[in-house]
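K.L.:
Generate a structure from the sequence data that follows.
(one chain, ligands or ions: 1)
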Amino acid sequence: MEVDDVEGWVEATLGALTLDEKAGMCSGADFWTTKAVARMGMPALAVADGPHGLRKSTGDGLRGSAATCFPTASGLACSWDPELAEEVGAAIAREARAHGVGVVLGPGANIKRHPLCGRNFEYFSEDPLLSGQLAAALINGLQREGVGASLKHYAANNQEGWRNVADSLVDERALREIYLASFEHAVRGGDPATVMCSYNPLNGTYASEHEWLLTTVLRDEWGWDGVVVSDWGAVNDRVAGMRAGLELEMPASGGLNDARIVQAVRTGALATELLDRGVRRVLRLVARYHGGAAGAGGAVDAHHVLARRAAAASAVLLTNDGVLPLAPAGTIAVIGAFATEPRYQGAGSSQVTPTRLDTLLDALRAEVGGRATVTHAAGYEAANARERPDLVDEAARVAAAADVAVVLVGLPASFESEGFDRRHMRLPAQHDRLVEAVLAANANTVVVVVGGSACELPWAERPRALLLANLGGQAGGSGLADVLLGTVNPSGRLAETYPLHQSDHGADGWFPGRRQVQYRESIYVGYRWFDTVGLDVRFPFGHGLGYTTFAIDDITLTGGTDADAPGFAQQVRVTVSNTGTVEGTEVVQVYVRGPRAVVHRPDRELRGFARVHLTPGESRQVTITLDRRAFAYWCVATHAWEVEPGSYEVLVGASSRDIRARASVTLTSAHVAAAVAPGAGWVPSPAALTAEAFAAMLGRAIPAERPARPFDVNSTLSEVAAVWPGKKLLATVYAQAMKQYGVAPEPGGAGATSGGSSGSDGSDGSGGGSMVHHGVRELPLRGLVLLGRGKFTWRSLDRLLWLLNKWPARRSRA
Ligand code: BGC
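P.N.:
This is a model prediction of the structure:
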């Protein structure tokens with residue numbers, strides 16, 4: 001279908017659709033497509049998962065057809081390179097078109113609030129500017145190739161456990177300055193075709209029916225006019241969702257929710273104009289992205305080359321005393337099962353079936369050719385965290401016999417997945433022991449860490465070099481070889497802080513929640529916490545080395561000083577010089593420190609960055625523009641971005657803690673201090689995150705956590721298993737899901753209470769399997785209707801609830 005006059009076609013089609021058809025347009029035909037209307041010549045629109053490669057479902061569990069697997073967002077973010085993210089987005093779009101897919105479900109712009117969120121690998125950063133700019137770039141790449149993006153998961157979905165029901169309690173400043181800001185940058189900078197609302201409630205209202213979130217902020221304030229699509233099964237009250245601005249329910253609920261929309265229009269509970277508004281948006285989306293003209297796609301080789309470049313650009317050199325780049329001579333021992341069985345992406349809906357898979361061992365051997373001998377020992381089992389002292393001993397022997405040892409350790413696949421969170425921040429004990437043993441066996445040891453989020457690295461100061469490989473995608477092995485050998489000079493920078501200990505995080509006492517998650521640390525997320533509280537960290541946000549060195553100096557600030565003046569901006573100019581002997585790229589980072597006269601604020605906040613590529617001895621002047629927003633905070637009295645009058649310090653450096661140049665500017669503004677608690681004098685610390693301070697930030701008393709009984713549509717299967725019929729129900733659904741996804745049941749079966757016995761212990765090697773286990777236990781009862789393809793109705797659910805609530809708790813052991 002080719003449509004020249006989209007608006008004309010939309011109006012003509014809308015006018016010709018019956019009420020039933022209009023309601024039908026607001027949900028899918030199945031799991032992955034919208035409904036076609038044959039008599040109108042209207043095709044279906046196909047969607048498929050991203051975000052770091054296409055997962056076009058083959059209908060076989062979570063498997064997708066082969067596609068290029070790029071580094072996950074957590075890796076790509078370390079490139080600090082929007083141009084690269086855009087190239088990756090464009091490549092994914094070309095593959096999507098070749099499969100007739102019109103919308104790719106990604107990128108994810110959720111903030112890494114805490115290192116243990118199971119899905120951190122799918123997210124970019126703890127910082128909203130970096131996250132939002134990279135998300136915008138990926139969206140621009142997808143959409144410039146004619147494929148729509150779906151920016152997800154909007155909003156405040158920062159843990160996987162209990163994601164369907166956990167109410168995120170977030171104060172207004174934290175929402176605006178951190179959690180929404182990431183989406184705002186992505187929406188304004190990328191204009192995604194769709195935004196996917198998240199599963200969770202936010203401040204008591206489900207995201208899927210949150211009018212303030214879906215309409216007031218997203219459309220009225222940010223000027224966006226695309227389609228909001230539900231995360232799969234995220235609908236709570238369909239009619240409320242329709243009113244709030246949720247256009248498209250996915251997947252299909254077998255017509256059951258469409259019927260509710262029809263009913264609501266008939267009774268006047270839903271205005272026809274609201275339905276029409278939603279249908280118009282869906283029709284525009286279909287007209288634009290239905291993917292009728294499949295692209296040339298393919299380009300398997302070229303996309304693999306891009307994946308290799310992206311993998312190398314994502315790697316972060318954390319320490320190096322000169323041992324890297326490796327000399328291709330003598331004997332190089334490559335230790336670690338990940339060198340032959342790579343860990344290169346996370347588990348869950350984003351899991352790509354790669355077109356090919358490079359390993360570090362093969363790549364290194366190919367690159368050094370006959371110049372060096374490359375030996376290998378596994379050191380651990382790739383798929384799990386099992387203790388294997390014999391493998392450690394063997395690895396130590398192989399390392400001792402080599403000139404240099406490269407040890408690859410990290411998080412096994414079963415630790416990182418959608419659907420559940422990591423239980424602790426450590427590597428498997430087996431991996432820590434391996435590092436210790438190899439360090440003892442060979443003084444020339446390089447350690448490479450693989451994973452999608454920060455880990456505790458107690459031995460970090462001892463290797464001669466430490467490299468973070470992230471989750472590098474299908475070419476992660478070859479990209480890593482390029483960096484180790486110096487074919488590529490690493491220029492990655494950390495997109496999240498590496499703390500010394502998990503408990504150092506501000507959010508740690510408040511993560512994860514179950515029925516409720518209190519974001520007590522408010523705006524103090526990541527380096528905003530560490531740098532304000534003044535805690536030592538293992539590696540600061542923005543840190544990363546290369547094989548050359550840079551100087552940053554000669555700072556000047558020019559521009560207006562009246563922050564209220566139209567077009568106000570400050571230009572930050574610095575000179576960057578390559579002071580080393582090889583060409584390389586510096587990432588210049590600009591942080592702003594506010595006056596803290598009116599409100600409490602983080603000590604410094606990233607407000608701009610630029611990549612500068614220089615040959616040895618070369619210098620260049622770099623200008624970064626700071627607009628009004630770079631100096632502003634969100635005022636909860638005026639509900640607007642405000643600039644405190646006073647002195648601002650602009651800090652330019654190579655990490656949040658490596659500041660090389662600084663300058664100050666005094667700004668004026670008409671903004672007057674309002675008495676908002678806690679005031680400007682409030683200083684964050686673990687002891688300061690009191691219930692009183694949090695209630696003051698929320699502007700209301702902390703609501704009570706929802707009690708487990710009486711059961712309702714949002715009671716989870718594990719909650720209703722407290723009574724006998726619920727226990728039976730859980731067992732039945734569990735058995736069906738195991739069959740449908742081809743997953744082995746956990747040892748404890750449906751009733752296992754470990755919260756992921758196989759998952760975080762890594763005993764089954766399959767994050768995807770654990771996701772299914774958790775998904776069933778944490779499924780709210782309404783999920784039986786939403787995912788039941790029309791077979792289990794709302795009325796059946798009412799009856800079930802009646803039975804469950806009637807059942808006395810004391811008979812639960814029957
Ligand atoms: C995930 C989304 C994904 C969707 C479709 C959901 O469970 O949260 O990110 O796009 O499934 O697979």
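K.L.:
Please, where are all the helices along the stretch 101-250 of the chain?
P.N.:
Applying DSSP state H, counting those that start in this stretch to the stretch 101-250 of the chain gives helices spanning 128-144, 172-174, 180-190, 211, 238-244.
K.L.:
For those helices, give me TSV that also has mean neighbour count, distance to residue 333 and mean pLDDT.
P.N.:
Every residue, glycine included, has its C-beta placed from N, CA and C. Written out in TSV, the entries for those read as follows (neighbours: other Cβ atoms under 10 Å; distance: least, Cβ to Cβ, whole Å; pLDDT from 0 to 100):
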stretch	mean neighbour count	distance to residue 333	mean pLDDT
helix 128-144	26	36	98
helix 172-174	20	47	98
helix 180-190	24	42	99
helix 211	15	60	98
helix 238-244	23	57	98
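K.L.:
which parts of stretch 356-370 are buried?
P.N.:
Within stretch 356-370, the residues scored as buried using 16 or more other Cβ atoms under 10 Å are 357-365, 367-368.
K.L.:
likewise stretch 655-671?
P.N.:
Under 16+ other Cβ under 10 Å, the buried positions of stretch 655-671 are 655-657, 659-661, 663, 665, 667, 669, 671.
K.L.:
Would you mind measuring from the closest residue in space to residue 677 that isn't next to it in sequence to residue 18?
P.N.:
In space, not counting the residues next to it along the chain, residue 677 is nearest to residue 696; the distance is 4.0 Å by Cβ to Cβ, 6 or more residues apart in numbering. Remark: distance between residue 696 and residue 18 (Cβ to Cβ, to the nearest Å) = 52 Å.
K.L.:
same question, residue 560
P.N.:
Per Cβ to Cβ, residue 560 is found 57 Å from residue 18.
K.L.:
More neighbours: these two, which one.
P.N.:
Comparing residue 560 with residue 18 by neighbour count (other Cβ atoms under 10 Å), the higher total belongs to residue 560, at 16 against 10.
K.L.:
Tabulate the CA atom coordinates of stretch 140-157 in CSV.
P.N.:
Written as CSV, here are the backbone C-alpha positions of stretch 140-157 (Å, rounded to 0.1, in the frame of the first residue of the first chain):
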residue,chain,number,x,y,z
ASN,A,140,17.3,8.4,14.2
GLY,A,141,19.3,5.5,12.6
LEU,A,142,16.3,3.2,12.6
GLN,A,143,13.9,5.8,11.3
ARG,A,144,16.1,7.2,8.6
GLU,A,145,15.9,3.8,7.0
GLY,A,146,12.2,3.8,7.2
VAL,A,147,11.6,1.6,10.2
GLY,A,148,9.8,3.0,13.3
ALA,A,149,11.3,2.8,16.7
SER,A,150,9.6,2.0,20.0
LEU,A,151,11.2,3.8,22.9
LYS,A,152,10.8,1.8,26.0
HIS,A,153,9.9,1.2,28.9
TYR,A,154,8.2,4.4,29.9
ALA,A,155,8.7,5.0,32.8
ALA,A,156,10.4,4.3,36.1
ASN,A,157,10.8,0.6,35.4
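K.L.:
buried set for that stretch?
P.N.:
140-143, 145-157.
K.L.:
what about the nearest residue to residue 247 once chain neighbours are set aside, distance to the ligand?
P.N.:
Taking Cβ to Cβ, 6+ apart as the measure, residue 247 lies nearest to residue 278, with 4.2 Å between them; neighbours along the chain are not counted. From residue 278 over to the ligand the distance is 20 Å, taken as Cβ to the nearest ligand atom, to the nearest Å.
K.L.:
How about residue 309?
P.N.:
Residue 309 is 26 Å from the ligand, where distance means Cβ to the nearest ligand atom.
K.L.:
Return the residues in contact with that residue.
P.N.:
Shown here is residue 309, whose contacts under the criterion Cβ atoms under 8 Å, 6 or more residues apart in numbering are 84, 479.
K.L.:
Is it correct that it falls within a strand?
P.N.:
No. Residue state for residue 309 (DSSP: H, G, I helix; E, B strand; the rest coil) corresponds to helix; a strand is not indicated.
K.L.:
Could you tell me the per-residue confidence at the residue in the stretch 151-300 of the chain positioned nearest to the ligand?
P.N.:
With Cβ to the nearest ligand atom as the measure, residue 232 is the residue of the stretch 151-300 of the chain nearest to the ligand, at 3.8 Å. The score at residue 232 is 97. That number is its pLDDT.
K.L.:
Quick check: it touching residue 252?
P.N.:
No. Judged on Cβ atoms under 8 Å, residue 232 makes no contact with residue 252 at a distance of 10.5 Å.
K.L.:
shared neighbours of the two, which are they?
P.N.:
In the contact map built from Cβ under 8 Å, 6+ apart, the residues linked to both residue 232 and residue 252 are residue 31.
K.L.:
Give me the nearest residue to residue 362, chain neighbours excluded.
P.N.:
Nearest non-adjacent residue to residue 362, counting by Cβ to Cβ, 6+ apart: residue 477, 6.8 Å away.
K.L.:
returning to what we had before: residues contacting the one helix or strand the residue nearest to residue 677 maps to, please?
P.N.:
In the assignment (DSSP states H and E), residue 696 maps to helix 691-698. If you take Cβ under 8 Å, 6+ apart as the criterion, helix 691-698 is touched by 169, 171-174, 203, 518, 520, 522, 677-678, 682, 701-702.
K.L.:
in a helix, that's where residue 585 is, yeah?
P.N.:
No. Counting by three-state DSSP, residue 585 is not found in a helix; it is strand.
K.L.:
Return the set of residues that bridge with it.
P.N.:
In this entry, residue 585 is beta-bridged to residue 613, by DSSP bridges.
K.L.:
which ones are touching it?
P.N.:
With Cβ under 8 Å, 6+ apart as the criterion, the residues that contact residue 585 are 489, 491, 546, 611-614.
K.L.:
List only those of the residues you listed flagged as buried.
P.N.:
Neighbour-count burial within the contacts of residue 585 applies to 489, 491, 546, 611-612, 614; the criterion is 16+ other Cβ under 10 Å.
K.L.:
Skipping adjacent residues, who's closest to the closest residue to the ligand within the stretch 651-800 of the chain in space?
P.N.:
Scanning the stretch 651-800 of the chain for proximity to the ligand using Cβ to the nearest ligand atom identifies residue 775 as nearest, at 8.0 Å. Nearest non-adjacent residue to residue 775, counting by Cβ to Cβ, 6+ apart: residue 419, 5.3 Å away.
K.L.:
go on, residue 535?
P.N.:
Beyond its immediate neighbours in the sequence, the residue positioned closest to residue 535 (Cβ to Cβ, 6+ apart) is residue 504, lying 5.4 Å away.
K.L.:
One more: residue 40?
P.N.:
Once its chain neighbours are removed from consideration, residue 40 has its nearest residue in residue 13; the separation is 5.5 Å (Cβ to Cβ, 6+ apart).
K.L.:
Hmm, residue 283 and the one you found touching each other?
P.N.:
Yes. Under the contact definition of Cβ under 8 Å, residue 13 touches residue 283, with a separation of 5.6 Å.
K.L.:
Between these two, which has more neighbouring residues?
P.N.:
residue 283 (27 against 22).
K.L.:
Could you tell me the angle between the helix or strand containing the more buried one and helix 128-144?
P.N.:
Using DSSP H and E, the element containing residue 283 is helix 272-289. Between helix 272-289 and helix 128-144, the angle comes out at 70 degrees (axes from the mean of the first three to the mean of the last three Cα atoms, to 10 degrees).
K.L.:
How about residues contacting helix 272-289?
P.N.:
Applying Cβ under 8 Å, 6+ apart, the contact partners of helix 272-289 are 1, 3, 6, 9-10, 13-14, 17, 22-23, 25-26, 34, 42-45, 102-103, 146-148, 193-194, 225-227, 242-243, 245-248, 261, 265.
K.L.:
what's the answer for stretch 92-99, then?
P.N.:
With contact meaning Cβ under 8 Å, 6+ apart, stretch 92-99 is reached by 46, 48, 50-54, 56, 65, 67-68, 70, 102, 104, 141-147, 291, 293-299, 303.
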